[in-house]
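[1] Can you look at this prediction? I've put the sequence above it.
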Amino acid sequence: MNLLNPDPGTIFWTALTFVFLLFILKKLAWGPILQALEERERKIKESLEKADAAQKETEAAMAKQQEIMDSAKREAQELMAKSRSTAESTKEEILKKAQDEASKMLEKAKREIDSQREKAIEEIRNEAADLSIAIASKLIGKSLSRDDHREIIDESLDKMVEAN
């Protein structure tokens, strides 16, 4: 038997054995192998679908998170603007109250000054009247009535006030 020149009977039996084994493998092993391959393909396909679904969920969650962040940022900006507005209006209100109070104090001081000035003028008039009565009585030798002196003093003081 030469290995390079095989015997025709050996070729026949080898081919027959090969076909027989092929038939047995097809009946017994080919189905399970194909089934295993199909099962593996199905699992890979499911895994890819799950990965796509998970990626879509992640993208949706990230979009929602971004929306929440944007909303929080807008709310914070609105709150800051409202706080600034409130602070500005409070500042203006306080300034207005302070100005009103200062104006009231100024008016009160002016009224008090005017009142004190009127009192001082009245005191000066009374003293001037008493003094002029005493001087006139000594000079004239007779006494003028208090009303006469009051009239003379009032006229003199009115002229002085008009001159100033």
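    On my side now, so go ahead.
[2] What does the pLDDT read for the residue nearest to Asp154 when sequence neighbours are not counted?
    Leaving aside its chain neighbours, Asp154 sits nearest to Arg125 (7.0 Å; criterion: C-beta to C-beta, 6 or more residues apart in numbering). Bear in mind the C-beta positions are built from the backbone N, C-alpha and C, glycine included. Note on Arg125: pLDDT of 77.
[3] Now do the same contact list for Arg125.
    Neighbouring residues of Arg125 by C-beta atoms under 8 Å, 6 or more residues apart in numbering: Arg150, Ile153, Asp154, Leu157.
[4] try 10 Å this time
    Each residue near Arg125 by C-beta atoms under 10 Å, 6 or more residues apart in numbering is listed here: His149, Arg150, Ile153, Asp154, Ser156, Leu157.
[5] which one of these sits closest to Ser47?
    Leu157 (113.8 Å; C-beta to C-beta).
[6] who does the one helix or strand that closest one maps to touch, helix- and strand-wise?
    For Leu157, the element it lies in under DSSP states H and E is helix 146-163. If you count contacts as 3 or more C-beta pairs under 10 Å, 6 or more residues apart in numbering; DSSP states H and E, helix 146-163 packs onto helix 31-140.
[7] what angle do the helix it packs on and helix 146-163 make?
    130 degrees (axes from the mean of the first three to the mean of the last three C-alpha atoms, to 10 degrees).
[8] what's the spacing between helix 31-140 and its chain's center?
    9 Å (C-alpha atoms, centre = their mean, to the nearest Å).
[9] oh, and call the first residue 498 from now on, that's how I've got it
    Will do, 498 is the new start, and the previous item becomes helix 528-637.
[10] quick revisit: in the contacts of Arg622, which has the lowest confidence score?
    Lowest confidence among the contacts of Arg622: His646, with 69.
[11] if we can go back for a sec, I'd like the distance between the residue nearest to Asp651 and Glu659.
    16 Å (C-beta to C-beta, to the nearest Å).
[12] Over to Asp504?
    161 Å.
[13] roughly how far out does the helix or strand containing Thr514 sit from the chain middle?
    If you go by DSSP H and E, Thr514 is part of helix 505-522. Computed by C-alpha atoms, centre = their mean, the chain-centroid distance of helix 505-522 equals 89 Å.
[14] Any buried residues in that helix, and which?
    The neighbour-count criterion (16 or more other C-beta atoms under 10 Å) identifies no buried residues in helix 505-522.
[15] could you dump the contacts of Arg622 to CSV with distance to Pro529?
    Formatted as CSV, the contacts of Arg622 follow (distance: C-beta to C-beta, whole Å):
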residue, distance to Pro529
His646, 145
Arg647, 141
Ile650, 140
Asp651, 138
Ser653, 140
Leu654, 135
